[in-house]
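Visitor: Dropping the sequence and predicted coords here.
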Amino acid sequence: MFKENNRVVDLGNELPPRHMKDEPHISYEADPDEYYTLIMIDPDAPRRKNPIQKEWQAWLVVNIPGSRVKDGETLTEYIPPCPVNFTGFHRFVFLVYQQPNRLDFNEPYKSNTDVTNRINFSTKRFARKYGLGDPIAGNFFQAEYDESVPECLRKAMFPGK
């Protein structure tokens, strides 16, 4: 289950970006003695009909002990859905992988102000590189432009202004 502001992500339901401003609460069945990876992507960047920037990496947390996402190592800070106007609905996909053990990830850290280095991410390549296998959990929602997007983009692209 993936939820924010009492709204539950449910296999493609529509959620407005204004309700996804903060990191969502993520829950999944997990062995407390194992480690997990959480990936959130937008496979429809910049638009579903021509996703030349797919996958856009929205969030990446690794070495999560059990289902305690807050205790994992954040490699890519969460940026909420910010689909640009006139690009239609974007899918935002959450995938959880069980790791073979605690891993050393050789990936650059991406802050919540780093938007350009998130394009053309490959979940498949990342999972293969670290021996993650297939996801053990997944879900997605759809979002399109709303009145919160300009502020979201401003914060991500021009922090402190």
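Guide: Sure thing, it's come through.
Visitor: For the spatially closest residue to residue 101 that is not a sequence neighbour, give the beta-bridge partners.
Guide: Nearest residue to residue 101 in three dimensions, chain neighbours excluded: residue 35, at 6.6 Å (Cβ to Cβ, 6 or more residues apart in numbering). (Glycine included, C-beta is placed from N, CA and C.) Beta-bridge partners for residue 35, by DSSP bridges, are residue 65.
Visitor: List the contacts of residue 35.
Guide: Applying Cβ atoms under 8 Å, 6 or more residues apart in numbering to residue 35 gives the contacts 62, 63, 64, 65, 98, 99, 101, 102, 103.
Visitor: So which of the residues you listed is the closest to residue 129?
Guide: Lowest distance from residue 129 to the contacts of residue 35 (Cβ to Cβ) belongs to residue 103, with 10.2 Å.
Visitor: Turn the contacts of residue 35 into CSV, columns for distance to residue 112 and secondary structure.
Guide: Shown next, in CSV, are the contacts of residue 35 (distance: Cβ to Cβ, whole Å; DSSP: H, G, I helix; E, B strand; the rest coil):
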residue, distance to residue 112, secondary structure
62, 17, strand
63, 20, strand
64, 19, strand
65, 23, strand
98, 26, strand
99, 24, coil
101, 29, coil
102, 25, coil
103, 23, coil
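Visitor: before we move on, back to that, please tell me how far the residue nearest to residue 101 sits from residue 28.
Guide: For residue 35, the distance to residue 28 equals 13 Å [Cβ to Cβ, to the nearest Å].
Visitor: Sweet, I'm off.
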